[in-house]
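>>> below: sequence and its predicted model.
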Amino acid sequence: MRIIDAHHHVWDLAVRDQDWIAGPELAPLRRDFTLADLEPEVRAAGVSATVLVQTVTVAEETPEFLALADGSDLVAGVVGWTDLTAPDVDHTLASLRELPGGERLVGIRHQVQGESDPQWLLRPDVRHGLAAVADAGLAYDLLVLPHQLPAAARAAALHPELTFVLDHVGKPPIAAAELEPWAERVRALAARPNTVCKLSGMVTEAAWATWTVEDLRPYAKTVLDAFGPGRLMFGSDWPVCRLAATYGEVVDAAHELTHDLSPDERADIFGGTAARVYGI
């Protein structure tokens with residue numbers, strides 16, 4: 001079974017600060033994390049390809065990531081960032097494709113979770129940008145909080161030509177052991193056929209020091225039932241996952257949560273869905 005890690009990050013603090021890494025709880029992340037750090041972890045876990053995902057809303061990061069992918073036999077795709085509200089977003093996307101590594105641009109993401117407007121995805125200028133992403137043949141990664149899921153579902157309905165990829169199962173309150181209203185909202189998103197979901201980011205939504213696979217299971221089952229294996233993809237969320245688990249522990253948890261599925265279903269989650277959605 002070919003395993004693709006559909007969601008990880010890297011950063012070099014000498015190149016650019018990661019201003020979201022603030023406070024004592026996130027202090028373990030305030031250091032450089034490079035592909036050289038990641039590679040032994042993924043090789044040990046049997047991962048053969050990865051998708052590198054943006055971390056900050058800075059235009060220069062995406063070309064840097066594309067160049068990094070261009071020189072790597074591990075990074076098969078890049079989910080970058082560009083200003084969706086810019087009038088010339090279509091030209092920007094075309095220009096990114098022409099850069100070294102531009103053929104590895106597979107998606108665009110914005111930290112919608114940080115927007116105060118719960119309807120941000122439905123703004124006319126944002127919708128213009130989403131249409132440009134679709135026209136460019138790219139996917140759109142959704143980084144949203146549970147209260148923003150209804151707007152995400154509406155955006156997916158309004159843009160059936162665009163594939164929306166829900167990151168981190170929509171960030172449910174796992175540490176509080178609360179399923180609703182997240183579960184109802186995520187099922188409404190999954191009802192749109194142009195949506196898929198990453199089985200990622202759950203360990204850092206759980207209690208970092210004490211989580212168990214059983215804590216994650218109700219949330220994994222919800223998205224598995226809602227999206228089906230053919231619309232789920234595994235992601236590690238490394239190095240953020242290190243706040244709660246090692247890379248190997250995240251991979252092991254995903255294997256345990258999908259243990260009862262058929263070999264074909266597990267092959268979809270651990271590689272097939274990512275390969276199809278991102279064109280890897």
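That came through, no problem. Numbering: from 1, shown residues only.
>>> using CSV, write out every CA atom in stretch 185-198.
C-alpha atoms of stretch 185-198 as CSV (Å, rounded to 0.1, in the frame of the first residue of the first chain):
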residue,chain,number,x,y,z
ARG,A,185,-22.2,20.4,10.6
VAL,A,186,-19.5,18.2,9.3
ARG,A,187,-22.1,15.8,7.9
ALA,A,188,-23.8,18.7,6.1
LEU,A,189,-20.5,19.6,4.5
ALA,A,190,-19.9,15.9,3.5
ALA,A,191,-23.3,15.9,1.8
ARG,A,192,-21.7,18.0,-0.9
PRO,A,193,-20.0,15.6,-3.4
ASN,A,194,-17.2,18.0,-4.1
THR,A,195,-15.8,17.7,-0.5
VAL,A,196,-13.2,15.5,1.0
CYS,A,197,-11.7,15.4,4.5
LYS,A,198,-8.2,14.9,6.0
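>>> so how far is it off the chain centroid?
Centre-to-centre, stretch 185-198 and its host chain are 14 Å apart (Cα atoms, centre = their mean, to the nearest Å).
>>> kindly report the same for stretch 146-160.
That offset, for stretch 146-160, works out to 16 Å (Cα atoms, centre = their mean).
>>> give the buried residues for the longest helix along the chain.
For the chain, the helix with the greatest residue count under DSSP state H is helix 213-227. For helix 213-227, the neighbour count (16 or more other Cβ atoms under 10 Å) marks V213, D215, L216, Y219, A220, T222, V223, L224, A226, F227 as buried. All C-beta atoms are positioned from the backbone trio N, CA, C, and that covers glycine.
>>> just the residues you listed now: which is nearest G248?
Comparing the buried residues of helix 213-227 against G248 with Cβ to Cβ picks out V213 as the nearest, at 13.6 Å.
>>> at the geometric centre of the chain, which residue sits there?
D167 (4.0 Å; Cα atoms, centre = their mean).
>>> how close does it sit to R2?
22 Å (Cβ to Cβ, to the nearest Å).
>>> ok, back up a step: for the buried residues of helix 213-227, which one is nearest L162?
Among those, and counting by Cβ to Cβ, the member closest to L162 is F227, at 16.5 Å.
>>> next up, the contacts around the closest one.
A190, T195, V196, C197 (Cβ atoms under 8 Å, 6 or more residues apart in numbering).
>>> mind running it again at 10 Å?
166, 169, 186-187, 189-191, 195-197, 199, 233, 269, 273 (Cβ atoms under 10 Å, 6 or more residues apart in numbering).
>>> now, the most widely separated pair of those residues?
Spatial extent of those (Cβ to Cβ) is set by the pair A191 and I269 at 19.7 Å.
>>> the more surrounded of these two?
When neighbours are counted by other Cβ atoms under 10 Å, A191 and I269 differ, and I269 comes out ahead with 29 against 13.
>>> show me what the nearest residue to the more buried one once chain neighbours are set aside is bridged to.
Distances taken as Cβ to Cβ, 6 or more residues apart in numbering place L232 nearest to I269, at 4.8 Å, with adjacent residues excluded. Beta-bridge partners for L232, by DSSP bridges, are C197.
>>> how many residues are close by L232?
30.
>>> surely it meets V169?
Yes: using Cβ atoms under 10 Å, L232 is in contact with V169, at 9.2 Å.
>>> quick check: neighbours shared by those two?
C197, K198, L199, S200, A220, V223, L224, A226.
>>> how about the residues you listed in a markdown table, adding pLDDT and distance to A22?
A markdown table is the format used below for those (pLDDT from 0 to 100; distance: Cβ to Cβ, whole Å):
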| residue | pLDDT | distance to A22 |
| --- | --- | --- |
| C197 | 98 | 28 |
| K198 | 98 | 25 |
| L199 | 98 | 27 |
| S200 | 98 | 22 |
| A220 | 98 | 30 |
| V223 | 98 | 29 |
| L224 | 98 | 34 |
| A226 | 98 | 33 |
